[in-house]
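Student: show me how the following folds:
(one chain, ligands or ions: 1)
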Amino acid sequence: MAEGHNLTINGDRLWDSLMEMAKIGATEKGGNCRLALTDLDREGRDLFVRWCEEAGCSIRIDRMGNIFARRPGRDDSLAPVMTGSHLDTQPTGGRFDGVYGVLAGLEVVRSLNDMNIETERPVEVAVWTNEEGSRFAPSMIASAVFAGVYDLDFGLACADEDGKTIGEELERIGYAGDSDCGGQEIHAFFETHIEQGPILEDEGITIGVVTGAQGQKWYELEIEGQESHAGPTPMPVRRDALLGASRVVELVNQIGLAHAPGACATVGMLNVHPNSRNVIPGRVFMTIDFRHPDPTALATMDQTMRAGVAEIAERSRVEIGVKQIMDLEPLPFDEACVASVQKGADDIGYSSRRIVSGAGHDACNIARVAPTSMIFIPCIDGISHNEVEDAKPEWIHAGGNVLLRAMLERAG
Ligand SMILES: [Zn+2]
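Tutor: Presented below is the predicted three-dimensional model:
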């Protein structure tokens with residue numbers, strides 16, 4: 001591989017490309033709305049493909065509409081070193097979530113061209129379809145199909161609120177590719193991403209060396225009490241489903257605090273029935289989202305919640321059904337890939353720390369089928385999935401430099 005301290009990407013060019021892409025689906029408050037497989041998503045894809053072709057890449061599109069831009073290697077029969085992320089956004093999304101990881105990959109290709117560096121292995125930049133899950137649930141569907149988590153038919157059949165499926169919309173925008181989704185050997189995969197949390201900025205650190213993804217357990221709770229009139233029903237005989245739910249909210253928060261700093265514990269949804277001001281609530285639907293990088297801690301959180309919920313049900317004179325709807329094991333990333341990221345940051349002298357990804361990313365799916373790691377950079381106030389999402393140009397530049405070095409180390 002190429003040596004030397006002047007291995008660098010062109011930070012200005014990367015920033016300019018980000019701002020150019022941000023014009024597609026720009027929102028009034030300075031954010032982006034490029035929902036998956038809309039006309040705007042097509043425009044973003046077209047721009048990316050054009051840029052990649054101008055940089056000499058060949059383009060392959062698979063059946064889930066994932067785009068792979070390839071810069072050939074000296075031995076083009078070798079498995080590629082791949083990077084990438086997503087171009088789709090939330091309805092009120094920002095300019096960096098996902099698109100940074102895609103365009104940082106493109107910038108690596110452009111910089112390799114500038115420096116006349118030939119790599120032993122091919123280098124590929126991937127765009128994963130529908131990462132956000134905002135238009136089509138579930139999120140990260142196309143990287144999941146690629147990794148064999150779901151089969152292709154399931155992926156293509158996912159529908160939006162109007163009943164339009166991913167398969168139909170891929171056809172419509174011209175991105176229903178014919179190459180197989182998955183089954184491809186990847187030598188190493190790196191995803192560069194804004195942290196979407198406050199840790200790096202708070203600690204004044206430039207690079208997050210991502211060691212893995214948190215485990216997640218999601219639950220749906222049905223609480224059954226009894227509706228009755230808010231006036232004539234004496235306090236001791238009430239079976240107030242919302243009171244039970246409130247106690248569960250408090251319990252979930254306590255569990256999160258008890259397993260800090262690794263734990264996240266959230267009640268994000270509460271539907272109260274009949275939701276009328278003078279009726280004691282008879283039924284509540286609610287959700288719980290538990291996350292932790294340590295499987296033992298996550299299991300303890302599960303047990304504590306179940307025992308606590310049983311106690312609350314009795315004390316509140318309600319029935320509570322707990323249904324677990326998702327169980328993702330914590331996923332450690334590949335040690336060698338993590339080390340490549342660390343070395344990239346160290347060689348340039350960037351401050352860095354190990355960090356676990358709190359959010360889900362396409363890399364978490366790819367990690368199931370290929371050696372993987374991620375590179376985080378800070379974002380202002382840790383805010384993401386928001387139009388004000390922002391990052392400093394020097395962070396953008398730094399993450400790209402680390403990506404360049406990590407990829408070069410693995411591509412030879
Ligand atoms: Zn993202």
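Student: name the helices or strands packed onto the top helix by length along the chain?
Tutor: Among the elements of type helix in the chain, defined by DSSP state H, the one spanning the most residues is helix 295-316. Under the contact criterion of 3 or more C-beta pairs under 8 Å, 6 or more residues apart in numbering; DSSP states H and E, helix 295-316 touches strand 215-224, helix 241-258, strand 283-292, strand 319-328. The C-beta positions use only the backbone N, C-alpha and C, and glycine is treated the same way.
Student: can you give me how far that helix is from the chain middle?
Tutor: When distances are taken as C-alpha atoms, centre = their mean, to the nearest Å, helix 295-316 is centred 28 Å away from the chain's centroid.
Student: ok, and the closest non-adjacent residue to whatever residue of the chain ends up closest to the ion?
Tutor: When distances are taken as C-beta to the ion, the chain reaches nearest to the ion at Gly98, 3.9 Å away. Excluding the flanking residues, the one nearest Gly98 by C-beta to C-beta, 6 or more residues apart in numbering is His86, at 3.8 Å.
Student: how about that neighbour, phi and psi?
Tutor: Listed backbone geometry of His86 is phi -130, psi 150, with angles given as degrees, to the nearest 10.
Student: please apply the same query to Asn271.
Tutor: The phi and psi values for Asn271, taken as degrees, to the nearest 10, are phi -110, psi 120.
Student: okay, and the beta partners of it?
Tutor: The residues listed as beta-bridge partners of Asn271 by DSSP bridges are Phe285.
Student: do Val209 as well
Tutor: According to DSSP bridges, the residues that bridge with Val209 are Arg354, Ile375.
Student: check what pLDDT the residue of the chain closest to the ion gets.
Tutor: Model confidence at Gly98, given as pLDDT, is 96.
Student: I figured it hits Thr89, correct?
Tutor: Yes. In this structure, Gly98 is within contact of Thr89 by C-beta atoms under 8 Å, at 6.9 Å.
Student: neighbour-wise, which of the two wins?
Tutor: Thr89 (32 against 28; other C-beta atoms under 10 Å).
Student: pretty sure that one is in a strand, no?
Tutor: No. When the secondary structure is assigned by DSSP: H, G, I helix; E, B strand; the rest coil, Thr89 falls in coil instead of a strand.
Student: quick one, what contacts it?
Tutor: Gly25, Gly31, Asn32, Cys33, Arg34, Leu35, Asp97, Gly98, Val99, Glu132, Ser134 (C-beta atoms under 8 Å, 6 or more residues apart in numbering).
Student: could you measure from it over to Asp302?
Tutor: From Thr89 over to Asp302 the distance is 33 Å, taken as C-beta to C-beta, to the nearest Å.
Student: repeat that for Tyr350.
Tutor: Taking C-beta to C-beta as the measure, Tyr350 and Asp302 are separated by 38 Å.
Student: ok, Asn130 - how many residues close by?
Tutor: The number of residues packed near Asn130 is 31, by other C-beta under 10 Å.
Student: nearest to Asp12, out of the helices and strands packed on helix 295-316?
Tutor: Distances from Asp12 to each of those were compared using C-beta to C-beta; the minimum, 37.0 Å, belongs to strand 283-292.
Student: identify the residues contacting Pro91.
Tutor: Cys33, Leu35, Ser134.
Student: would you say Gln110 is within a strand?
Tutor: Heads up, residue 110 is Arg, not Gln. No. When the secondary structure is assigned by three-state DSSP, Arg110 falls in helix instead of a strand.
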